[in-house]
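A.B. asks: sequence and predicted structure below; questions after.
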Amino acid sequence: MKVLILGANGQIAQVATELFLERTDAQLTLYLRKAKRLRVINPARERVVEGDVLDLKTLQAAMAGQDVVYANLSGPMKQQTQNIVTAMVNTGVKRLIFVSSMGIYGEVPGQRYRSILDPYRDSAELIEASGLDYTIIRPAWLNDNDEINYGTTQKGEPFQNASGVVSRKSVADLVVKLATKPDIAIRQSLGVHKRS
């Protein structure tokens, strides 16, 4: 299996990279804007590509031949998402795992996140209309605890334990499961919370 990790220097992405290396035999392409910031753990299984997701030509070149795209981005979300979808369609890659944010569907009881989440909402709309085999992940607030303890909710369900803090390792665990079990959570949007 070949996995392209977009935003590979992100905090969740770094944990996910470690879990991919520990648990799978996946070949990883680590895509990020400043390659020198990244520490490569296993050069035999990690290939680093320096590029911006907004650079469609470089993105498509990195995407060719991949089985799974995992995106963990910040910045101009809508434009980045449009490029990801375009590159996936152009290269024939179908599986997308995309980290977003809780609250994009108004699913957190008692909370109104207003315009700060508009870029994430716009990204989700593009992905949901893409025809790709996507899973959108909407994590709660995050910490760096060394634990895996989470539950999920579906789009349309109230977010569970929204005041709780889930570990990045939990989200990374879900990313690896979704990447390695291609028949689960296809075309779904999962809220990820810490189990109480």
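C.D. replies: Yep, that arrived. Since the model is a prediction, treat every value here as computed from it, not as a measurement.
A.B. asks: gap between the host helix or strand of Glu125 and the chain center?
C.D. replies: Per DSSP states H and E, Glu125 falls inside helix 118-128. Taking Cα atoms, centre = their mean, to the nearest Å, one finds helix 118-128 lying 13 Å from the centre of the chain it belongs to.
A.B. asks: let me see the mean pLDDT of it.
C.D. replies: Helix 118-128 comes out with an average pLDDT of 94.
A.B. asks: the following helix or strand past it pairs with which strands, and in what direction?
C.D. replies: Once the chain leaves helix 118-128, the next helix or strand it forms, by DSSP H and E, is strand 133-139. Strand 133-139 has the following strand partners under DSSP bridges: strand 95-99 (parallel), strand 188-193 (parallel).
A.B. asks: what helices and strands are in contact with the helix or strand hosting Thr17?
C.D. replies: Using DSSP H and E, Thr17 sits in helix 11-23. For helix 11-23, the packing partners by 3 or more Cβ pairs under 8 Å, 6 or more residues apart in numbering; DSSP states H and E come out as strand 2-6, strand 27-32, helix 168-180. In this view, the C-beta of every residue, glycine as well, is placed from N, C-alpha and C.
A.B. asks: buried ones in it?
C.D. replies: By 16 or more other Cβ atoms under 10 Å, the buried positions in helix 11-23 come out as Ile12, Ala13, Gln14, Val15, Ala16, Thr17, Leu19, Phe20.
A.B. asks: got the contact list for the third one?
C.D. replies: Okay, so that is Gln14. Counting by Cβ atoms under 8 Å, 6 or more residues apart in numbering, Gln14 touches Ala8.
A.B. asks: check the last one too.
C.D. replies: The contact partners of Phe20, by Cβ under 8 Å, 6+ apart, come to Val3, Ala26, Leu28, Val176, Ala179.
A.B. asks: if you set the cut-off to 6 Å instead, what comes out?
C.D. replies: Taking Cβ atoms under 6 Å, 6 or more residues apart in numbering as the contact definition, Phe20 lies against Ala26, Leu28, Val176.
A.B. asks: again with the fourth one
C.D. replies: Val15 makes contact with Arg168, Lys169, Ala172, according to Cβ under 6 Å, 6+ apart.
A.B. asks: among these, which one sits closest to Ser189?
C.D. replies: Ala172 (18.1 Å; Cβ to Cβ).
A.B. asks: can you get me a residue count around the closest one?
C.D. replies: Ala172 has 24 neighbours, counted by other Cβ atoms under 10 Å.
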